[in-house]
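Participant: Need a 3D model of the following:
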Amino acid sequence: VTSLTPDQAGPAQLAAYTRGHWGIENKLHWIRDVTYTEDVSRVRTGTAPRTMASLRNLAINAHRLAGHTSITTGLRHTSRDFTRPLTLLGIHP
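Facilitator: You can find the predicted model right below:
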C-alpha cells in the first residue's frame, strides 16, 4: 500500500522501500527486542516507554559509533567497568 503513482512505485522502487524498511527493522528494532528484551518491558505508562526506547537507541548508536559490531559484546564490555559507559559517551571521569 502506497500513495505513490504507478510511475513512482515500480517493482524496483517498491523492492528498495521494502529493503530499506527491513534494514531499519533488523538494525534497530530487532536489537531492542532481543538484546534489551523490550517486548517484555513493564514500562507502559506516560512518556516512560518512549524515554526508555530513546535511551536504548542512544546506547545502541553509541556502541556502533565506537566500532562495536556486536551490540551485545559492546554492552558486556562497557558494563565491566563503571567508567566505560562515560568514556563511550565522551565524558571522561
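Participant: immediately after the helix or strand hosting S54, which helix or strand?
Facilitator: Assessed by DSSP states H and E, S54 sits inside helix 48-65. Counting by DSSP H and E, the element after helix 48-65 in chain order, helix or strand, is helix 71-79.
Participant: quick one on the thing from earlier: what packs against the helix holding S54?
Facilitator: helix 30-34, helix 71-79 (3 or more C-beta pairs under 8 Å, 6 or more residues apart in numbering; DSSP states H and E). No exception for glycine: its C-beta is placed from N, CA and C like everyone else's.
Participant: quick one: the last one to chain centroid distance?
Facilitator: Meaning helix 71-79. 15 Å (C-alpha atoms, centre = their mean, to the nearest Å).
Participant: buried sites along the next helix or strand after it?
Facilitator: Following helix 71-79 in sequence order, the next helix or strand is helix 84-88 (DSSP H and E). Using 16 or more other C-beta atoms under 10 Å as the test for burial, helix 84-88 gives L88.
Participant: now what about helix 84-88, what contacts it?
Facilitator: A62, H63, A66, H77, T78, S79, H92, P93 (C-beta atoms under 8 Å, 6 or more residues apart in numbering).
Participant: and the helices and strands packed on helix 48-65, which one's lowest on average pLDDT?
Facilitator: Here the lowest mean pLDDT among those goes to helix 30-34, at a mean of 88.
Participant: Low-confidence ranges, the protein, go.
Facilitator: 1 (pLDDT under 70).
Participant: and the residue nearest the centre of it, helix, strand or coil?
Facilitator: Taking C-alpha atoms, centre = their mean, the centroid of the chain lies closest to L28, which sits 2.9 Å from it. Judged by DSSP: H, G, I helix; E, B strand; the rest coil, the three-state class of L28 is helix.
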